[in-house]
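Asker: give the three-dimensional model of this entry:
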Amino acid sequence: EMFGTGVFFIIVYRDELALLVGNEGLGIPLAVMGAMLPLSAFSSIQMAMYRRNFNFKFLLSIRMITIITPLFVSIPMALAGFDYWSLIAGLLVAQLFTAIALCVRQEKLISIYFSYPIFRNMFSFSAWSLAEAFSIWLTAWVDTFIISRYMDAYYLGVYKMPTAIVTTVMAIATSAMAPVLFSALSRHQHNKEEFEKTFLTFQRYMALFLVPLGVGMFVYQDFIVQILLGSQWKLAGIVLGSWALSSSLVTAISYLISEAFRAKGMPNISFLAQMLHLIVLIPVIYICVQYDFTTFVYARSIVRIQMIGVLLYLLAVYVKMNAWSVIFNIKAYIITSAIVGIGSYALLHVYNSMIWTIFCICVSLISYLVVLYLFPTERVVLAKMLAGTTVRRATLHNAEQMALLDIRPGDMVYVEKGGEIIPKITGVELSQRPADSRPFEYITVCPECGTPLVKYEGEAKHYCPNQGGCRPQIIGRIIHFIRRKAMDIDSRTGAGAG
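Answerer: The predicted model follows:
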């Protein structure tokens with residue numbers, strides 16, 4: 001309904017809109033582009049469903065369609081002299097192919113349906129999301145507005161360039177998880193336990209990289225600025241370092257909490273958090289900018305901690321998650337990064353040269369992994385990152401193997417991966433064995449027919465010898481007889497055989 005109204009408005013007032021945007025006489029192309037809005041909206045809804053189902057591989061192929069299709073349409077038309085119509089046709093064909101591809105692969109048939117309560121909820125969600133987006137934009141740019149008013153263009157450039165670099169680096173570092181995060185959380189929005197588990201898991205993996213990255217950029221701020229911007233930008237070092245340090249915590253905590261609110265259908269709470277932050281942010285940076293540039297830079301970074309506190313409080317109130325669990329979840333990365341950061345800062349100032357700085361960076365990376373490995377809870381995370389898999393289950397092959405290792409219920413066991421692939425149990429931690437531990441007791445008769453089990457020479461398995469009277473064995477032979485590799489009889493199942 002909203003898109004229909006918007007498209008109708010664009011088509012009817014196409015000439016006036018074209019004049020308003022400075023393209024007089026291009027009303028018809030504008031109307032054609034406006035007519036594509038429902039198609040784009042339809043595709044975006046379908047793509048959201050694929051993201052929710054984590055089908056990003058198919059979405060990549062869809063993305064390739066939108067990139068490649070205009071090349072085969074727009075370029076030939078442009079060479080033929082169709083001017084701007086070549087671009088419009090390329091976009092239109094790409095959108096059409098995308099919509100068709102999404103429909104063909106969709107498991108559920110698309111039907112026309114309208115519900116006013118659902119529309120009202122969707123409109124409310126969209127409106128609050130728009131308000132939240134505006135508040136995030138204002139939070140990101142209010143410092144720029146103030147510094148441009150009270151300082152000259154030089155300080156504005158020195159401030160904005162490093163912050164843009166940090167923002168880009170953080171976005172790259174989280175690019176693999178960010179698209180999946182909302183989909184993963186929204187799938188469990190009504191399951192508190194799974195929602196919290198998913199949230200904390202994502203947070204740990206993001207903090208594993210972000211926290212040391214922020215500390216590292218803070219320690220090596222001058223080196224990074226010299227490499228990327230040159231020695232004339234020396235003052236930008238404090239901006240880059242302080243902004244990177246605060247951004248690592250903001251991204252690992254605030255960004256995730258905001259996504260949690262959206263996944264729960266509460267963008268209004270995220271908007272509330274942004275407004276509460278602005279109430280503190282604007283006076284702080286307005287006062288500090290009156291002193292000097294350095295005071296302003298550090299104050300701007302430190303005040304971001306207030307935003308973290310606000311979001312943690314709102315998370316506890318509205319999502320019912322323990323705020324301390326969010327902090328304790330990444331304490332290992334904060335402690336490790338702080339220890340390595342202090343050591344790296346001291347080591348960096350032993351000698352002043354580019355080679356020495358690169359050597360210090362390498363030492364810092366290795367030290368971070370070594371110190372982090374001292375935390376027992378992080379060893380599994382590191383093992384998965386380095387070896388590529390996590391062992392969740394190891395099979396005990398037979399009773400003789402269990403007897404050989406003396407494995408009992410409740411034991412803490414040692415597991416290793418043979419050839420980095422196959423998990424196997426290699427021993428028992430006897431010091432943690434319960435005092436009332438007893439060996440496994442195995443059945444001696446068939447649970448189906450009661451016949452005593454037998455064990456053949458040289459084999460580890462036990463068998464029921466009652467081949468003619470044991471019902472599961474009879475059914476198994478019948479199924480084997482009718483299956484594809486034997487008589488190949490259709491329309492007969494195990495249930496039918498029984």
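Asker: any regions of the stretch 51-200 of the chain where pLDDT drops low?
Answerer: Scanning the stretch 51-200 of the chain for pLDDT under 70 picks out 51-56, 70, 105-116, 118-119, 176, 178-179.
Asker: rerun at 50
Answerer: Nowhere does the stretch 51-200 of the chain drop to pLDDT under 50.
Asker: what segments of it are helices?
Answerer: Along the stretch 51-200 of the chain, counting by DSSP state H, counting those that start in this stretch, helices occupy 56-79, 84-105, 116-150, 153-173, 178-187, 192-219.
Asker: what of the stretch 301-450 of the chain?
Answerer: Under DSSP H, counting those that start in this stretch, the stretch 301-450 of the chain gives helices at 304-314, 323-328, 331-348, 354-373, 376-387, 399-405.
Asker: worst mean pLDDT among the ones you listed?
Answerer: Comparing mean pLDDT over these, the weakest stretch is helix 376-387, at a mean of 65.
Asker: want to throw the helices of the stretch 51-200 of the chain into JSON lines with mean neighbour count and distance to residue 26?
Answerer: For every residue, glycine as well, the C-beta is placed using N, CA and C. Formatted as JSON lines, those follow (neighbours: other Cβ atoms under 10 Å; distance: least, Cβ to Cβ, whole Å):
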{"stretch": "helix 56-79", "mean neighbour count": "14", "distance to residue 26": "17"}
{"stretch": "helix 84-105", "mean neighbour count": "17", "distance to residue 26": "8"}
{"stretch": "helix 116-150", "mean neighbour count": "14", "distance to residue 26": "28"}
{"stretch": "helix 153-173", "mean neighbour count": "17", "distance to residue 26": "34"}
{"stretch": "helix 178-187", "mean neighbour count": "17", "distance to residue 26": "35"}
{"stretch": "helix 192-219", "mean neighbour count": "21", "distance to residue 26": "45"}
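Asker: quick one: which of these is nearest residue 403?
Answerer: Of all these, helix 192-219 sits nearest to residue 403, with 36.6 Å by Cβ to Cβ.
Asker: can you name every helix or strand that that closest one contacts?
Answerer: Under the contact definition 3 or more Cβ pairs under 8 Å, 6 or more residues apart in numbering; DSSP states H and E, helix 192-219 sits against helix 153-173, helix 178-187, helix 236-249, helix 256-263, helix 323-328, helix 331-348, helix 354-373, helix 376-387.
Asker: hmm, 7 Å instead?
Answerer: If contacts are counted by 3 or more Cβ pairs under 7 Å, 6 or more residues apart in numbering; DSSP states H and E, helix 192-219 sits against helix 153-173, helix 178-187, helix 236-249, helix 256-263, helix 331-348.
Asker: to residue 406, which of those helices lies closest?
Answerer: It's helix 331-348; of the helices and strands packed on helix 192-219, that one is closest to residue 406 (Cβ to Cβ) at 34.1 Å.
Asker: other residues contacting that closest one?
Answerer: Identification of contacts with helix 331-348 by Cβ atoms under 7 Å, 6 or more residues apart in numbering yields 207-208, 211-212, 215, 219, 357, 360, 363-364, 367-368, 371-372, 375, 377-378.
Asker: the same query, at a cut-off of 6 Å, please.
Answerer: Applying Cβ atoms under 6 Å, 6 or more residues apart in numbering, the external contacts of helix 331-348 come out as 207-208, 211-212, 215, 219, 360, 364, 367-368, 371-372, 375, 378.
Asker: in a markdown table, list those residues along with distance to residue 254.
Answerer: Shown next, in a markdown table, are the contacts of helix 331-348 (distance: Cβ to Cβ, whole Å):
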| residue | distance to residue 254 |
| --- | --- |
| 207 | 12 |
| 208 | 17 |
| 211 | 14 |
| 212 | 18 |
| 215 | 18 |
| 219 | 23 |
| 360 | 30 |
| 364 | 26 |
| 367 | 28 |
| 368 | 23 |
| 371 | 26 |
| 372 | 23 |
| 375 | 24 |
| 378 | 23 |
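Asker: give the contact list for residue 195.
Answerer: Counting by Cβ under 6 Å, 6+ apart, residue 195 makes contact with residue 188.
Asker: measure it to residue 140 for me?
Answerer: 28 Å (Cβ to Cβ, to the nearest Å).
Asker: please report the distance of residue 180 from residue 206.
Answerer: Taking Cβ to Cβ as the measure, residue 180 and residue 206 are separated by 11 Å.
Asker: that should have said residue 352, apologies.
Answerer: 34 Å.
Asker: what is the neighbour count of the closest residue to residue 253 other than its chain neighbours?
Answerer: Leaving aside its sequence neighbours, residue 253 sits nearest to residue 308 (Cβ to Cβ, 6 or more residues apart in numbering; 5.1 Å). Neighbourhood size, residue 308 [other Cβ atoms under 10 Å]: 21.
Asker: residues contacting residue 299?
Answerer: Listed by Cβ under 6 Å, 6+ apart, the contact set of residue 299 reads 284, 288.
Asker: element containing it?
Answerer: Assignment of secondary structure by DSSP states H and E places residue 299 within helix 293-302.
Asker: could I get the CA-only coordinates of that helix as CSV?
Answerer: Provided in CSV are the C-alpha atoms of helix 293-302 (Å, rounded to 0.1, in the frame of the first residue of the first chain):
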residue,chain,number,x,y,z
PHE,A,293,41.9,19.8,20.2
THR,A,294,43.6,17.0,22.4
THR,A,295,41.1,17.5,25.2
PHE,A,296,38.2,17.3,22.7
VAL,A,297,39.6,14.1,21.1
TYR,A,298,40.0,12.2,24.3
ALA,A,299,36.7,13.4,25.8
ARG,A,300,34.9,12.3,22.6
SER,A,301,36.3,8.8,22.9
ILE,A,302,35.8,8.4,26.7
